[in-house]
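1. Give the three-dimensional model of this entry:
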Amino acid sequence: MRTDDPPSQVGNDPLSKVGDESLPPVGDVLAAIATGLWRWDNASGTVTLDAEAARLLGLPARAQTLTEAAVRSRFHPVDWNEIYGTVQLAVAEGTLAEARLRIMDDTGRRVLRTVRSRSKPVLHDATEAYELIGTLQEVSEPTPGTAARTPVTGDWRRSREAFLLDAGRALAEARSTEEVLRVAAGLSMPGFSPDGLAVFGVAGDRLSIIGHHGHQPGDDGPFSAMPLDTDYPAAEVVRTGRAVYLSSPEDYRRRYPAAWPLARRFERQSWAFLPLTVAGRTMGAWMAAFAYRVSFTPDERSVLTTVARMLAQALSRAGVAESERELTEGLQRSMLPMLGPRIPGMSVAARYVPTGGGLQVGGDWYDMIPLPNGRIAFVIGDVQGHDVRAAGLMGQLRIALRAYASEGHRPDAVLSRATRFLAGITESITYGSSGSGADESTVYDPRFATCLYVEADPATGVLELARAGHPEPAIRTSDGTVLQRPTAGGLPLGIDPDADYPTTRLVLEPGETMLICTDGLIETGGHDLDSGWARIRSTLEGYLGEDEEDGLELLADRLVQTVHGPTSHYTTGPLADRREDDIAVLLLSRTSRPEHRTDARRTVLTVAQAEPERVAGARRHLRELLHDWADDDQVDSAVLMVSEMLTNVLVHTDGDALLVAEVTGEPGARRLRAEVADASDDLPHKRQPGELASSGRGLVLMELLAGAWGVDPRGDGKSIWFELYEGAGAPDGSAGGL
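-> This next block holds a predicted model:
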C-alpha cells in the first residue's frame, strides 16, 4: 500500500472488514492513536510523510515529501547513523526494521521527543534499491531498570559496543575450535544471554555437530548427521544462508512441526539460528536458545548477527590452523624416527621442539640407525633455515645418512659422502614449467647443515664421533660433573664437497650420560655458546642420574623446559636478540649395574699432531673436570702441567697425544691422576735450562707442582703422569721421578 493514499482508499482494503461488521478506515485509526505513516524511497532519496508523521518530526502537520537530508536533520546524529545498520540487517533477513529515534529541534541541541519506528523493507527485483514502509509513534523514556531488555539508544548501545569489542578480541585470540567454542559459551550478551548454544557444520550433504553448550552428553544424538533437506531450522539456515528467529514455542511448532518434538524436551522459549558465513560461503549454523521469551528486536538481531560473523571467522581461522598443525605434525612424525627397541646396556631419549612461530617443522632432526656390525649409530643435525625447503632438505639428508651408515661406512666416511650429497642437491634450483624452458629460471640457493655422527658399541661403551660444524657433546659423569667434550670436527656439510672429518674415540663409562643437541637448545633466549652451556650444565648437574629409562626421559623433559618452558623467561641471556630456533635433543646413557657403580670421574682426550689448537680445549676440559676442587692453585698447577705434557708430545714426537684424567675419592680428600701417552720410545730427561732457554722446564715444573709424578715405558711408547691430592700442601720435590 502507499502511505500517501487518502484514508478512504486505505479504509477500503478488504482486510478492513471482519464478517458483516465494518471497521473504521485505517488512516482514522492511526490518527486516533497518534501514529504516523512514512515511506523512505532509497532509489530516489526521498521520504514521504503523512500529517501525523510530519508532526512527530517537528514539522508542519501536513502530508509532504522531503529529501533524506531534510529528514536526517530532525534525528539525533547517532540514531541516524545506527539506523543504516538496522535497515541493512532487515533487508538481508527480510524482517522488520525497528529502532528508537530521538527527534531534535531546529537548532539540533534539544531533544523534542523519542519516537519508535517500525518499517518493512520492500525490494525491487530489477535493482538493489528498496523502500521502507512503516510507522512512527511517540514513546516515553524507559523507567530505570528496564533499559537492559529494551532496544533504546544510550547506555544499552554503549554496553553492546563494549560487549562486541570484548567478544571480538576473545574470539580473535582463540587458536583452536575448542577454544572458540569455549569463548562462545562464555559470552554474556547485554540484556539477553542464551543458556544453550550449538554450532553446526556441514559434512557432505549432512549437518554435523561441531560443539554445544548447555546440554547434557548425548543430547546432540538426534541432530548429528541430519540431512540438509530436513525440515529443521539449522538445515534451512545452511541451505538458504538466512537467519531464522523463533520467538516462542508456538512459533517453532508452527513453522517446523517435524522438528518440534526434538526441540520440545529442552524446554527453551526462544531460538535464534544464524548462518556462519565466510567469504560468501555458508560453512554452518549457530543456534542460540533462551530459557525466556525474546522478541528479537533489531538491536538484538544485530548483536546476534555480529557475533555469528565473528564466530564464523574464528572457526574458519581455527580450522585452517588445526589443518596446518595436523599437516606439520604428520610431516614431523614421518621425518623424525622412532628410537626403536631398547638397547642392552644403554638407554636413549630424544626430543624435538619446533620453533614458536611459522612452520611447525624445520631443519633439525635426530636419528638412530642399527649398523651391520651390531653397533648403533646416533645422528643429530640442523639444516640451515626454517622453511619448507629446510624441512625438505632435512628429509633428504637424513635418508642419505641412513643409507651411507647402513652400508657399513665409518663415521668419517659417512659424513664425507653426506657433504658431497648435500652440495650436489643445493647447487641450483630450477623454478617454473618444464618443456621449452622459456618460463624456467635457475636460482642459486646453497644450504649447509651441521651434523654430529656417533657410532656406539653398547657392549664396551666405546663411542666414535665425527663432527661437521655441530656443537660439541657434553658428558655427565656418574658423580654429576658435566664436561663439554672437545671433539675433532670439520666444516658443515654442503660447503666443501671434498672436506674431511676426523674421528674422535671416547669411552662412555657405566653411569655416564652423553648429551648431543642442536644450537637451539643452547642459544634460545638470547644466549651465546658460553652462557647457553652454563644454563644447560646446571640442569644436567641437577639430574639425579637414575639408570632407568624413565629417568632419562625426565631429564630430556627438564632440558627442554629449561629453554622452552615458563622458567626460561627467568634465564634469558645477555644478547638483545631473543630469536627462537628448533630444538633437537638426544641423550645416551650407559647403564651402570650396582656392582660397577663408582664415584670416580674419568675422561679421555686425544690431541692430534695436525690440531695443536686443541691443547687449549684440553686445558678448558680439565678445568671443567676439576670444577669443584677445593684448591684453585692446585687446579692451575694441573692445567699447567697437562698443557706442558701435551705440548711436549706435539713438539718432540711425530704421533698424537692421548690424555687420560681421573678423579677418585671423597670430596676434600680426592686424588687427581693425569696421564699423557704417546707412541715415542724416547724418554724425557731432566735438564737445567739457562735463563734464555725456550725448553727443558717440563720436568722441573712436575717436580715443583705435582704430588707425585713419573714416566712409564710401554710396549708401543710411553706415558708420563702426575698426581695431585686435594687438601695436600706443596710437595717437597722427592715424591716422584723417573
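
2. where do the strands sit along the stretch 301-450 of the chain?
-> Counting by DSSP state E, counting those that start in this stretch, residue ranges of the strands within the stretch 301-450 of the chain are 346-353, 364-370, 376-383, 429-431, 441-443, 449-456.

3. measure residue 667 to residue 642 for me?
-> Between residue 667 and residue 642 the distance is 22 Å, computed by CB to CB, to the nearest Å. No exception for glycine: its C-beta is placed from N, CA and C like everyone else's.

4. Neighbour count: these two, which is higher?
-> Taking other CB atoms under 10 Å, residue 667 and residue 642 do not tie; residue 642 has more neighbours (23 against 13).

5. can I assume that one sits in a helix?
-> Yes. Read with DSSP: H, G, I helix; E, B strand; the rest coil, residue 642 is one of the residues of a helix.

6. Which positions in stretch 280-290 come out as buried?
-> For stretch 280-290, burial by neighbour count (16 or more other CB atoms under 10 Å) applies to 282-290.

7. now what about stretch 393-403, what contacts it?
-> Counting by CB atoms under 8 Å, 6 or more residues apart in numbering, stretch 393-403 makes contact with 335, 362-365, 367, 369, 379, 381, 383, 414, 417-418, 421-422, 425-426, 447, 449, 451, 453, 493, all of which sit outside it.

8. Just the buried residues from those, in PyMOL please.
-> Listed next is the PyMOL selection for buried residues among the contacts of stretch 393-403, using 16+ other CB under 10 Å:
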select buried, resi 335+362+363+364+365+367+369+379+381+383+414+417+418+421+422+426+447+449+451+453+493
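
9. Let me see the ranges of the helices in the stretch 351-500 of the chain.
-> When assigned using DSSP state H, counting those that start in this stretch, the helices of the stretch 351-500 of the chain occupy the ranges 388-406, 411-425.

10. how far off helix 388-406 does the last one point, in degrees?
-> For the pair helix 411-425 and helix 388-406, the angle between their directions (axes from the mean of the first three to the mean of the last three CA atoms, to 10 degrees) equals 140 degrees.

11. other SSEs contacting helix 411-425?
-> Using 3 or more CB pairs under 8 Å, 6 or more residues apart in numbering; DSSP states H and E as the contact definition, the elements that helix 411-425 packs against are helix 388-406, strand 449-456, strand 462-468.

12. by how many degrees do it and strand 376-383 diverge?
-> Computed by the same axes, to 10 degrees, the angle between helix 411-425 and strand 376-383 is 30 degrees.

13. Pull helix 411-425 out as CSV, backbone CA atoms only.
-> Included here for helix 411-425 are C-alpha records, laid out as CSV according to Å, rounded to 0.1, in the frame of the first residue of the first chain:
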residue,chain,number,x,y,z
PRO,A,411,81.8,-42.2,10.8
ASP,A,412,84.3,-40.1,8.8
ALA,A,413,83.3,-41.7,5.5
VAL,A,414,79.6,-41.3,6.3
LEU,A,415,80.0,-37.5,6.7
SER,A,416,82.3,-37.2,3.7
ARG,A,417,79.7,-38.8,1.5
ALA,A,418,76.9,-36.7,3.1
THR,A,419,78.7,-33.4,2.4
ARG,A,420,79.1,-34.3,-1.3
PHE,A,421,75.4,-35.3,-1.4
LEU,A,422,74.2,-32.1,0.1
ALA,A,423,76.5,-29.9,-2.0
GLY,A,424,75.1,-31.6,-5.1
ILE,A,425,71.4,-31.1,-4.4
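
14. Run the angle between it and strand 364-370 for me.
-> Orientation note: helix 411-425 sits at an angle of 130 degrees relative to strand 364-370 (the same axes, to 10 degrees).

15. Pull the residues that contact helix 411-425.
-> Residues outside helix 411-425 that contact it (CB under 8 Å, 6+ apart): 377, 393, 396-397, 400-401, 404-405, 409, 446-449, 451, 453-455, 464-466, 468, 490-491, 493-503.

16. Give me the buried entries from those.
-> Neighbour-count burial (16+ other CB under 10 Å) applied to those gives 377, 393, 397, 400-401, 404-405, 409, 447-449, 451, 453-455, 464-466, 468, 490-491, 493-495, 499, 501-503.

17. can you give me the strands for the stretch 451-600 of the chain?
-> 462-468, 474-476, 482-484, 489-490, 503-507, 513-517, 583-590.
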